[in-house]
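J.: My questions concern the predicted model and sequence given below.
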Amino acid sequence: MALYQQTGVSVESWVEMQEGVDMRCEVEPDGDSAILFFGRDDFVLHLGRDSLNALATLAGRAREELASSASPKRTC
């Protein structure tokens, strides 16, 4: 599925991370966004406050699903 498509250009993205990948974050001075870095800055995610909160909520739901590992694959 294309994330961005215009004038014949299509950008797609899929990121998988193994355990032990270095991660760090920086908070913008204005306090309205954060930048998350993964690996040796191989993947960078710049999120506004609302998007960061939504991502954290989604990650929490995924952790809960993983905790009940006996459950079949579900969409969070």
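T.: Perfect, I can see it now.
J.: Please report phi then psi for residue 54.
T.: Main-chain torsions, residue 54, degrees, to the nearest 10: phi -60, psi -40.
J.: To clarify, my last question referred to residue 53.
T.: Per-residue torsions, residue 53: phi -60, psi -40 (degrees, to the nearest 10).
J.: gap between it and residue 42?
T.: For residue 53, the distance to residue 42 (CB to CB, to the nearest Å) stands at 25 Å. C-beta coordinates here come from the backbone N, C-alpha and C atoms, glycine included.
J.: swap in residue 13?
T.: Taking CB to CB as the measure, residue 13 falls 12 Å from residue 42.
J.: can you tell me which residues contact residue 46?
T.: By CB atoms under 8 Å, 6 or more residues apart in numbering, the contact set of residue 46 is 33-36.
J.: now these: which count as buried?
T.: Among the contacts of residue 46, those classed as buried by 16 or more other CB atoms under 10 Å are 33-34.
J.: Can you verify my assumption that residue 26 contacts residue 44?
T.: No: between residue 26 and residue 44 there is no contact under CB atoms under 8 Å: 10.0 Å.
J.: Now do the shared contacts for those two.
T.: 35, 37.
J.: And the helices in the protein?
T.: In the chain, the segments counted as helices under DSSP state H are 49-67.
J.: worst-scoring helix or strand of it, pLDDT-wise?
T.: The weakest-scoring helix or strand in the chain, judged by mean pLDDT, DSSP states H and E, is strand 4-6 (a mean of 64).
J.: What count of nearby residues applies to the closest residue in space to residue 43 that isn't next to it in sequence?
T.: Spatial nearest neighbour of residue 43, excluding adjacent residues (CB to CB, 6 or more residues apart in numbering): residue 15 at 5.4 Å. Neighbour count of residue 15, defined by other CB atoms under 10 Å: 9.
J.: If anything else comes up later, I'll come back, but that's it for now.
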